[in-house]
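Asks: Show me the folded form of this:
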Amino acid sequence: MKSRDRSVDVLKGIGIIVVIMGHVDLSAVGGAFISYLYSFNVALFFIVAGYLWKDKPGQGFFAFAVVKARQIYLPYVVLFCVSLLYGHLIVRYVFGEYVIPFDFVDSVKALLFSSEWLNSVPTFNFALWFLPIFFISTLVFWVLQRVRDMRIYVPLIVIIALSALPFQSMLPGRPILAINVLPVALAFMGFGFLLRRWVPVGRIPWLALVGLFGVSIILAWQFPGNVAGVGTLWYFPGAVASFIVYLRIARDIESSSFLAYVGEYSLLMFGLHSLVAKSYLFTGTTRLFDEWASGLMGYVLNVTYVVIGTFIIVKVYRWVRERVADARRGRYASVPLGPPISGADA
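Replies: Residues are numbered from 1 along each chain as shown. Here you go, the predicted structure:
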């Protein structure tokens, strides 16, 4: 079995930190910095999905959908339930905040519709909107990957990218399942697939990378947007440029065990970070670091708290899960499967 691409894990680790940087109190940082974060923070994960895409020989659509449901949608359901419990128990009784009463119908609608409906119940985890649309995008992308002829495939991806603007104009804001993100997601996944095929990122000169970084900064400044509202087609080259720059950086620092771990468990980090962020003001961290708890240093402290806090929770979860798995293996191994087979039986 081929080992994981550690540099991509490091890249996803960087991506998770960038997502967290955009999901804490941003009052201490300028609008330009916020625009830069949102110019590629979510797009990066769609590009990575296309970059790592591999078809499994003989696997049909249904089998593929089942695998992806287990990998993406089932974790979404679990994380949604955890978030709902967090809101109704931790936020209400531990933090002492008012939380709207539990409503079964609203909770089911929030689970099924995702997007803006996540804000209608106390999940305190709006970031979960990404997982259902990522699941849907992955299924649709499987269909697109049946196109093998690059003379058809490349124009098709370009057409999908061009369709993003009118599609999002018809479905502005946050519709059901954030479905207005679909053409953007498919385009980025296609770009990622083509980058892996045609662009030797490891051989791009650093001077060219500096130029790409500059381009991404300028595009984010001049044409701010996000995956749910790209605003202009310039959003696509800006995000792709950022992906290339950070992938190259990830390859140069792929020895980072911390970033690689964060990237390997990026789904858990992504699904839990908003809950950790909600706890920031209730843990005494701002009192402990009183002189640092405001302004830019306060922002850095907040980001650090969420990154480290989420990392620790994931570490503990993985440790408990491994211990439980070891215990189960030991229990099953200790149960005799039947009498030993004698020579006569053989």
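Asks: use CA for all of it now, contacts and neighbours both
Replies: Will do.
Asks: roughly how far out does the strand or helix carrying L165 sit from the chain middle?
Replies: Per DSSP states H and E, L165 falls inside helix 150-170. Distance, stretch centre to chain centre, for helix 150-170: 23 Å (Cα atoms, centre = their mean, to the nearest Å).
Asks: the inter-axis angle of the helix or strand that that helix is followed by versus helix 150-170?
Replies: Helices and strands here follow DSSP H and E; after helix 150-170, the next one along the chain is helix 182-198. Put simply, helix 182-198 runs at 150 degrees to helix 150-170, going by axes from the mean of the first three to the mean of the last three Cα atoms, to 10 degrees.
Asks: Could I get the buried residue list for helix 182-198?
Replies: By neighbour count on 16 or more other Cα atoms under 10 Å, the buried set for helix 182-198 is 182-195.
Asks: Save those residues as CSV, and put in distance to D252 too.
Replies: Formatted as CSV, the buried residues of helix 182-198 follow (distance: Cα to Cα, whole Å):
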residue, distance to D252
L182, 32
P183, 32
V184, 29
A185, 27
L186, 28
A187, 27
F188, 24
M189, 24
G190, 25
F191, 22
G192, 20
F193, 22
L194, 22
L195, 18
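Asks: quick check, nearest of these to I14?
Replies: G192 (17.0 Å; Cα to Cα).
Asks: wouldn't that closest one be in contact with L44 here?
Replies: No. In this structure G192 lies outside contact range of L44 using Cα atoms under 8 Å: 9.1 Å.
Asks: one step back: can you list contacts of the helix holding L165?
Replies: 144, 147, 180-181, 183-184, 186-187, 190-191, 228-233 (Cα atoms under 8 Å, 6 or more residues apart in numbering).
Asks: wait, which of these is closest to G284?
Replies: Using Cα to Cα, the contacts of helix 150-170 come closest to G284 at A228, 35.0 Å.
Asks: how far does the helix or strand I217 falls within sit from the chain's center?
Replies: Assessed by DSSP H and E, I217 sits inside helix 206-222. Distance of helix 206-222 from its chain centroid, counting by Cα atoms, centre = their mean, is 23 Å.
Asks: after it, next one along is what?
Replies: Downstream of helix 206-222 (by DSSP H and E), the next one is helix 235-252.
Asks: After that next one, which helix or strand is next?
Replies: Counting by DSSP H and E, what follows helix 235-252 is helix 257-264.
Asks: Convert the C-alpha atoms of that following helix to PDB, please.
Replies: Below are the C-alpha coordinates for helix 257-264, written out as PDB (Å, rounded to 0.1, in the frame of the first residue of the first chain):
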ATOM      1  CA  SER A 257       4.900  16.300  12.700                       C
ATOM      2  CA  PHE A 258       2.400  18.800  14.200                       C
ATOM      3  CA  LEU A 259       1.100  20.100  10.800                       C
ATOM      4  CA  ALA A 260       1.100  16.600   9.300                       C
ATOM      5  CA  TYR A 261      -1.000  15.400  12.200                       C
ATOM      6  CA  VAL A 262      -3.400  18.300  11.900                       C
ATOM      7  CA  GLY A 263      -3.700  17.600   8.200                       C
ATOM      8  CA  GLU A 264      -4.200  13.900   8.600                       C
END
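Asks: Helix 235-252 and the helix holding L165, what's the angle between them?
Replies: 120 degrees.
Asks: quick check: mean pLDDT across helix 150-170?
Replies: Across helix 150-170, the average pLDDT comes to 98.
Asks: before we move on, back to that, output the buried residues of helix 182-198 in CSV; the columns should cover pLDDT and distance to L74.
Replies: CSV is the format used below for these (pLDDT from 0 to 100; distance: Cα to Cα, whole Å):
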residue, pLDDT, distance to L74
L182, 99, 20
P183, 99, 23
V184, 99, 23
A185, 99, 20
L186, 99, 21
A187, 99, 25
F188, 99, 24
M189, 99, 22
G190, 99, 25
F191, 98, 27
G192, 98, 25
F193, 98, 25
L194, 98, 29
L195, 97, 30
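Asks: before we move on, the earlier item: for the contacts of helix 150-170, work out which two are farthest apart.
Replies: V147 and G231 (28.7 Å).
Asks: Settle it for me: which of the two has more neighbours?
Replies: Taking neighbours as other Cα atoms under 10 Å, V147 and G231 compare with G231 leading, 16 against 13.
Asks: Distance-wise, check the more buried one relative to G173.
Replies: Here G231 is placed at a distance of 12 Å from G173 (Cα to Cα, to the nearest Å).
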